[in-house]
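Enquirer: predicted coordinates and the sequence they were generated for:
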Amino acid sequence: MENILIAGANGTTGKKIVNLLKSSQYFNPVAMIREKEQATQFKKENIDYVIADLEEDLAHAVTNIDKVIFAAGSGGKKVIEVDQEGAKRLMDVSKIANIKKFVMLSSMGADKPEKADDIKEYLKAKHNADEHLKSSGLNYTIVRPGALTNENGTGRIKLEKKLNIQGEISRADVAETLVRTLNDDIANKATFEILQGEKLISEALDENAMSLA
């Protein structure tokens with residue numbers, strides 16, 4: 001089984017990713033948490049974890065890790081330090097550690113942050129992190145969802161390199177999409193947007209496999 005580091009494992013979307021990986025026959029989740037107190041829930045479920053801060057040295061966090069999912073966020077409080085520089089720091093140590101794939105939870109609008117109104121700084125930080133990943137030399141997938149909701153997942157999405165429409169998608173469906181892109185033959189060096197839709201997640205990824213890169 002491949003060890004998957006989840007940055008932001010204690011967040012709302014991160015917890016869903018951990019749970020999906022826990023039931024996978026291919027992947028073993030390794031929850032990256034910032035404080036020792038957050039370990040209790042993961043210990044209870046026999047989930048591996050590592051304590052690491054995105055604002056500090058991260059070399060130890062990628063030891064014995066095969067792939068990474070970055071689902072961390074500062075909630076708008078430290079967009080430069082965490083969403084941008086923290087992400088870049090994790091990419092840099094991942095490159096040194098020969099990580100096989102880096103899956104980035106980005107955001108719709110990160111391609112043109114200057115067009116945004118209220119979350120311009122956040123989108124700018126995501127844009128800069130995405131660009132760093134693209135030029136890092138790592139194999140990567142960048143997933144850009146619309147507005148996140150806490151609704152139940154449907155397992156169905158709308159997926160395109162660029163959707164050109166606004167909309168929502170559940171965190172559950174985002175988590176499933178991120179986990180599916182961990183597979184070696186799916187969405188390599190690819191960037192795409194997702195919203196709630198009609199196509200099964202696996203089908204949407206398969207259909208767009210050739211056009212995403």
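Expert: Everything's here; your move. Residues are numbered from 1 along each chain as shown.
Enquirer: which residues touch stretch 16-35?
Expert: Under the contact criterion C-beta atoms under 8 Å, 6 or more residues apart in numbering, stretch 16-35 has outside partners 1-10, 14, 39, 42, 45, 47-54, 61, 65, 67, 69, 71-72, 171-172, 175-176, 178-179, 182-183. Placement of C-beta: from N, CA and C, glycine included.
Enquirer: who are the neighbours in contact with Glu81?
Expert: Leu54, Glu55, Ser74.
Enquirer: distance of the closest residue to the last one other than its chain neighbours from His132?
Expert: Closest residue to Ser74 in three dimensions, ignoring its sequence neighbours and counting by C-beta to C-beta, 6 or more residues apart in numbering: Val82, at 3.9 Å. In this structure, Val82 and His132 are 14 Å apart, going by C-beta to C-beta, to the nearest Å.
Enquirer: more crowded one of the two?
Expert: Neighbours per residue, other C-beta atoms under 10 Å: of Val82 and His132, the larger number sits with Val82, 23 against 18.
Enquirer: which of the contacts of Glu81 tops the neighbour count?
Expert: Neighbour max across the contacts of Glu81 (other C-beta under 10 Å) = Leu54, 23 neighbours.
Enquirer: quick check: which element contains Asp92?
Expert: helix 87-96 (DSSP states H and E).
Enquirer: what are the C-alpha coordinates of that helix, in PDB please?
Expert: Extracted C-alpha coordinates of helix 87-96, given in PDB (Å, rounded to 0.1, in the frame of the first residue of the first chain):
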ATOM      1  CA  ALA A  87       2.100  24.800   0.200                       C
ATOM      2  CA  LYS A  88       5.300  25.700  -1.600                       C
ATOM      3  CA  ARG A  89       7.400  24.500   1.400                       C
ATOM      4  CA  LEU A  90       5.700  21.100   1.300                       C
ATOM      5  CA  MET A  91       6.200  20.900  -2.500                       C
ATOM      6  CA  ASP A  92       9.900  21.600  -2.100                       C
ATOM      7  CA  VAL A  93      10.500  18.800   0.400                       C
ATOM      8  CA  SER A  94       8.300  16.500  -1.600                       C
ATOM      9  CA  LYS A  95      10.500  17.000  -4.600                       C
ATOM     10  CA  ILE A  96      13.600  16.200  -2.600                       C
END
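Enquirer: what's that helix packed up against?
Expert: strand 67-70, strand 101-105, helix 120-134 (3 or more C-beta pairs under 8 Å, 6 or more residues apart in numbering; DSSP states H and E).
Enquirer: worst average pLDDT in those?
Expert: With a mean of 92, helix 120-134 has the lowest mean pLDDT of the helices and strands packed on helix 87-96.
Enquirer: how about that helix: buried residues?
Expert: Tyr122, Leu123, Lys124, Ala125, Lys126, His127, Asn128, Ala129, Asp130, His132, Leu133 (16 or more other C-beta atoms under 10 Å).
Enquirer: which member of the residues you listed is positioned nearest Glu207?
Expert: Asp130 (23.0 Å; C-beta to C-beta).
Enquirer: now for that closest one: which residues touch it?
Expert: Counting by C-beta under 8 Å, 6+ apart, Asp130 has contacts Met104, Ser106, Ala110, Ile142, Thr191.
Enquirer: and what of Asn128?
Expert: When contacts are counted by C-beta under 8 Å, 6+ apart, Asn128 is found next to Gln84, Lys88.
Enquirer: which ones are touching the closest residue in space to Leu123 that isn't next to it in sequence?
Expert: The shortest distance from Leu123 to any non-neighbouring residue, by C-beta to C-beta, 6+ apart, is to Pro113 (3.6 Å). With contact set as C-beta under 8 Å, 6+ apart, Pro113 has these partners: Lys120, Leu123, Lys124, Lys126, His127.
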